[in-house]
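K.L.:
need coordinates for the below:
(2 chains)
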Amino acid sequence: ELKVEQNPLFLSMQEGKNYTIYCNYSTTSDRLYWYRQDPGKSLESLFVLLSNGAVKQEGRLMASLDTKARLSTLHITAAVHDLSATYFCAVDSAGNQFYFGTGTSLTVIP
Amino acid sequence: DTGVSQDPRHKITKRGQNVTFRCDPISEHNRLYWYRQTLGQGPEFLTYFQNEAQLEKSRLLSDRFSAERPKGSFSTLEIQRTEQGDSAMYLCASSQLTEAFFGQGTRLTVV
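P.N.:
Here you go, the predicted model:
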């Protein structure tokens, strides 16, 4: 079974600072997704990464994928309070299911 | 396009009762997924449909759980003889090619 690990699990950061969340997965996959979840809410799609070396940016978030290392990163630049949420990475197993990491709970403090 | 819709949003039931949840995917999405999420955890895969065919089922899906997608459009997830351990958020997602879009979920509480 495909395993997906995220670290850190909890992240408390000050506004204006930069940080990176890491997502490692155990078997070959070329498709990786990042989602955001606010408390009590569903998952919002952030990024879809479909090939080795893919990099996508939206606002203060940038995601990248290294399929050879089986690693994706979600980089946060100059964090603001609105980014506080739980972030999940998910890996696609031939389109039949998505394997999710345990999530990174991000709190941005003023 | 109104996104993935789930009904009900909340359900409280007594242990031993049966419950059924409904999911309406984004129209023209041929893939539909059910996930379960408990507090502090990532979503866990339950089952996957391509059109009306159920192609994957997790071993988490005990024989008390059954899912259908009779006409390849909406789907239902039924839990029979509910147990307290079934309390969770049940999420439905749909996709066409790659990206999956999630509904708001049904929060089940078994008392």
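K.L.:
who are the contact partners of B:Gly3?
P.N.:
The neighbours of B:Gly3, taking Cβ atoms under 8 Å, 6 or more residues apart in numbering or on different chains as the test, are B:26, B:101, B:103. The C-beta positions use only the backbone N, C-alpha and C, and glycine is treated the same way.
K.L.:
so what's A:Ile21 up against?
P.N.:
A:Ile21 makes contacts with A:6-8, A:11, A:73-76, A:87, A:89, A:104, A:106, as judged by Cβ under 8 Å, 6+ apart.
K.L.:
shouldn't A:Ser12 be within a strand?
P.N.:
Yes - A:Ser12: assigned to a strand according to DSSP: H, G, I helix; E, B strand; the rest coil.
K.L.:
let me see the confidence value for it.
P.N.:
Looking at A:Ser12, its pLDDT stands at 95.
K.L.:
the residue nearest to it when sequence neighbours are not counted sits in which helix or strand?
P.N.:
Among residues not flanking A:Ser12 along the chain, A:Thr107 sits closest, at 4.8 Å (Cβ to Cβ, 6 or more residues apart in numbering or on different chains). If you go by DSSP states H and E, A:Thr107 is part of strand A:104-109.
K.L.:
tell me what that strand is packed against?
P.N.:
Counting contacts by 3 or more Cβ pairs under 8 Å, 6 or more residues apart in numbering or on different chains; DSSP states H and E, strand A:104-109 packs against strand A:10-14, strand A:85-93.
K.L.:
deepest of those, which one?
P.N.:
Mean neighbours per residue, mean count of other Cβ atoms under 10 Å in any protein chain shown, is largest over those for strand A:85-93, with a mean of 23.
K.L.:
now residue 31: closest residue in space, sequence neighbours ignored.
P.N.:
As the question left the chain open, I've gone with chain A. Counting by Cβ to Cβ, 6+ apart, the nearest residue to A:Arg31 once its immediate chain neighbours are dropped is A:Asp92, at 3.8 Å.
K.L.:
not quite, go with chain B.
P.N.:
B:Ser95 is the one closest to B:Arg31 (Cβ to Cβ, 6+ apart), at 4.6 Å.
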